[in-house]
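>>> got a sequence here, can you model it:
(chains A and B)
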Amino acid sequence: MTALASARRNESGAPEAAAPRLRRGMRAGRILESVLGRLLATVALAIAVLYGGGLLYLLARGGSRLVAFTTFATPLSDVDGEDAMRFVLAAGIFAVSAWAVSLVVRDVLVRVRGVASRRANRIARAAIGVAGLVGALAFRDHLPRFLISLPSETRAGGGIGPEIFNTLYFALLSTMVTLPVGVGAALYMARFAKQRRFVSALRVALDTLASLPSIVYGLFGFLVFVVQMKLGYSLFAGAIVLAILNLPLMVGITEESLRAVPRELEEASLALGATPVQTALRVTVPYAWPGILSALVLSIGRVFAESAPLIMTAGTTISRGTAYSLDPFRGGETLAVHLWYVNSAGLAPDRADVSAGTAAALVVLILLTNVLASRLARFGGAAGTRVRHATR
Amino acid sequence: MGTAVLAPHRGPRDAAVRLVLVSCAALVLLTTLAMLLFLGQAGLKGAREVGLVPLLTGALWKPEADTFGGLPLIFGTFVSAAGAVLVGAVPAVFAALWATELAPKSTRSLYRRTMEVAAAVPSVVYGWLALVYLVPQMEKVAHHLRGDAATGGEGLASAGILLGVMIAPTVLLLSLDSLARVPSALRDASAALGASPWQTATRVVLPHGWRGIVVAVFFGFARAAGETMAVQMVIGGARKLPDSAFSPTTTISTQIVMDMQNARPGTPGSNVLFAMSLVLLVVSVVVVLGTRWLTRGARTT
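Residues are numbered from 1 along each chain as shown, chains lettered A, B, ... in the order given. This is a model prediction of the structure:
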């Protein structure tokens, strides 16, 4: 940077050039260089503007549907579990907003005072809890209608309530598989593996899994769960497929976080007489926990984003009776699938608006996972590598 | 884990935990093997039923008439992915070079964060944006170029541009990572010799980090080739070879997801889809092998 700056200074200070000194600014090709440099900058900034602007546009276009709180209470329809769903959704929305505000406030405080205070953190945590509770109790019937109503294929005014529920439920279901298996396999590879051939086979397997297109996972899930186990389209099949899809990401980042644990800590634990297993479970894993959580959050982001394998394993329909059912052996679509379905098969006259709202909801969810993951990774020791794993 | 002379007592609980950990690892391995086995079995069955040569070279895909010529699918997949590399990956690599070497330090992390978010945006969202904003523009271009022969905006060109936009952030981030791994001592040495940032970037950093960039482009290609729903929204779905860049065609993954809903499991119509998925499998295996070959010797983990 300094070199570039001094080169610029030399260009402007042309009269001074009379002195016969050897200077960088005078070498051949410097004009070409600055032209090419500006060209690169233009390309790079154009890309940033394209994506940044696109994201802002998405939020602006669909965001109004997400914040259109109603003054009159929306009556419950006769769908099981709708009340609980509204409660959770309202709590989530208000808690997340409070969290976002607290992040900004904390940043300002740190800038002003120079240090983060534990007391401010505790207050922030309490405020988030209170905001969630108050939001849930006071506003659960005033949520934007788009977020709590059922989708409609043919008429205007369809919402994405069940889709939001399914998306979050998928995240929960697949986490129940990804977390234990991923952490177990990573812990084995990082600390307990003895046979080198087994580990290298495992690495090849994970590399292969990571590079497979998601449609292949969809085919596998379709073949095994839908056809051979005769489960039909079900959340269970979709969740398992998503869990397998996320294993390479989970194992990769977790292993890296585990390896980043300072050796001295483990040796101290061993010196105190703990067994290697005790050391791993009580020292290594707790120390690496933020990194593991960041891997988990990134894999949840993938659950939000994935569509093709879910279409083949969990179907594209919402049935009124089981819209908010916790039964994992029913079918159901997520937000991403809904966005596709509305545009390819939907006949609703307002499908442009519905799509915009759905896309905005998806982008908000993705933004949240992104911020959360990067905040966690800051403590987890694997910050630099998570992108390499997250992006196939 | 060095074993001490005074090894602590290892109770049954330790053994149980170890067993659980090994079985987790084994589960990962077995799942992968099961996946490859199931898909391979169904795919080979499909390939045998139709015949490998007709399957790969036939120019008409018509499941309702039991005609399975996979050439349009393969062509669509590879050409749209190649287009994506041209439209998306190449500018992304240049941008990565700028962002690591030439950009003002203060903008670098902001740039990175923007791209991380862009890379995490679901591909369906990109697909929908392309359907709403890109396709009408492409239709105008097509009518302008080809007159009445043009059918609409959906087609190979739209798919290529969409995929390019989709993979660019990924390629950019992977390239950024690989360029950031170039030791800064090299940059310092180059600057100390009097090289400008541009000279350092092109003659020191690029020669050192090009393998990572090639890997990034590989991954971008593989991701573009495997993308399904977003492409399905803009490629038109005509199951034949395209007449031009603006005419609709199809890709392997698109056709799999569309036909799987109608094909009865176990029939040739279903098995042949598994056979086509093996083509995608081959692409990703080639990418993995190429990556390993390029980064051999280098520190990977």
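
>>> the helices in the stretch 251-392 of chain A, which residues?
Assigned by DSSP state H, counting those that start in this stretch, the stretch 251-392 of chain A shows helices spanning A:263-271, A:276-279, A:285-305, A:308-313, A:335-344, A:351-380, A:386-390.

>>> quick check: which of those is buried the most?
Ranked by average neighbour count under the criterion mean count of other Cβ atoms under 10 Å in any protein chain shown, these are headed by helix A:308-313 at a mean of 30. Yep, even glycine has a C-beta here, placed from its N, CA and C like the rest.

>>> quick one: it near chain B?
Yes - Helix A:308-313 lies within reach of chain B by Cβ under 8 Å from any Cβ of the partner chain, at A:308, A:311-312.

>>> show me what that helix is packed up against.
helix A:214-221, helix A:235-259, helix A:335-344, helix B:252-260 (3 or more Cβ pairs under 8 Å, 6 or more residues apart in numbering or on different chains; DSSP states H and E).

>>> try 7 Å this time
helix A:214-221, helix A:235-259, helix B:252-260 (3 or more Cβ pairs under 7 Å, 6 or more residues apart in numbering or on different chains; DSSP states H and E).

>>> of all those helices, which lies closest to B:V204?
In terms of Cβ to Cβ, the element of the helices and strands packed on helix A:308-313 nearest to B:V204 is helix A:235-259, at 27.8 Å.

>>> and that closest one, how far from the chain's centre?
13 Å (Cα atoms, centre = their mean, to the nearest Å).

>>> before we move on, what about stretch B:247-256?
Remark: stretch B:247-256 is offset 16 Å from the chain centroid, using Cα atoms, centre = their mean.

>>> in the stretch 151-300 of chain A, what residue lies closest to chain B?
Closest contact between the stretch 151-300 of chain A and chain B, by Cβ to the nearest Cβ, is at A:P213 (2.3 Å).

>>> who's in contact with the nearest residue to that residue once chain neighbours are set aside?
Nearest non-adjacent residue to A:P213, counting by Cβ to Cβ, 6 or more residues apart in numbering or on different chains: B:G226, 2.3 Å away. Residues near B:G226 by Cβ atoms under 7 Å, 6 or more residues apart in numbering or on different chains: A:213-215, B:253, B:280.

>>> of all these, which comes closest to B:L36?
Distances from B:L36 to the contacts of B:G226, taken as Cβ to Cβ, are shortest for B:L280 (12.7 Å).

>>> okay, the closest residue to chain A within the stretch 201-301 of chain B: pLDDT?
Going by Cβ to the nearest Cβ, chain A is nearest to B:G226 of the stretch 201-301 of chain B, at 2.3 Å. Model confidence at B:G226, given as pLDDT, is 90.

>>> what do you get for A:R263?
We have a pLDDT of 89 for A:R263.

>>> distance check, it against A:S269.
Noted for A:R263: a distance of 11 Å to A:S269, by Cβ to Cβ, to the nearest Å.

>>> in the helix ranked longest in chain A, what counts as buried?
In chain A, taking DSSP state H as the definition, the longest helix is helix A:30-66. Within helix A:30-66, the residues scored as buried using 16 or more other Cβ atoms under 10 Å in any protein chain shown are A:30, A:33-34, A:36-37, A:40-41, A:43-45, A:47-48, A:51-52, A:54-55, A:58-59, A:61-63, A:65-66.

>>> so who does the nearest residue to A:G81 once chain neighbours are set aside touch?
Spatial nearest neighbour of A:G81, excluding adjacent residues (Cβ to Cβ, 6+ apart): A:Y324 at 3.5 Å. Taking Cβ under 7 Å, 6+ apart as the contact definition, A:Y324 lies against A:79-82, A:85, A:162, A:165.

>>> mind giving me the PyMOL select for the residues you listed, buried ones only?
What follows is the PyMOL syntax selecting those of these that are buried according to 16+ other Cβ under 10 Å:
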select buried, chain A and resi 79+82+85+162+165
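
>>> just the ones of the contacts of A:Y324 in helices?
Judged by DSSP H, the subset of the contacts of A:Y324 located in helices is A:82, A:85, A:162, A:165.

>>> just put the residues you listed in a markdown table and tack on pLDDT and distance to A:R140.
Shown next, in a markdown table, are the ones in helices among the contacts of A:Y324 (pLDDT from 0 to 100; distance: Cβ to Cβ, whole Å):
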| residue | pLDDT | distance to A:R140 |
| --- | --- | --- |
| A:E82 | 85 | 10 |
| A:M85 | 88 | 9 |
| A:P162 | 90 | 17 |
| A:F165 | 92 | 14 |
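
>>> okay if I get the residues you listed as JSON lines plus distance to A:N343?
Converted to JSON lines, the ones in helices among the contacts of A:Y324 look like this (distance: Cβ to Cβ, whole Å):
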{"residue": "A:E82", "distance to A:N343": "26"}
{"residue": "A:M85", "distance to A:N343": "25"}
{"residue": "A:P162", "distance to A:N343": "18"}
{"residue": "A:F165", "distance to A:N343": "21"}
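
>>> closest one of those to A:E256?
For those, the nearest to A:E256 is A:F165 (33.4 Å; Cβ to Cβ).

>>> any idea how far the closest residue to A:A190 other than its chain neighbours is from A:G132?
What sits nearest to A:A190 in space, not counting adjacent residues and going by Cβ to Cβ, 6+ apart, is A:L258, at 4.0 Å. Between A:L258 and A:G132 the computed distance is 33 Å (Cβ to Cβ).

>>> quick check, pLDDT for residue 200.
Defaulting to chain A. For A:S200, the model assigns a pLDDT of 89.

>>> my question was about chain B
Each residue has a pLDDT score; the one for B:T200 is 91.

>>> which one is B:G236 nearest to, not counting chain neighbours?
Leaving aside its chain neighbours, B:G236 sits nearest to B:P248 (2.2 Å; criterion: Cβ to Cβ, 6+ apart).
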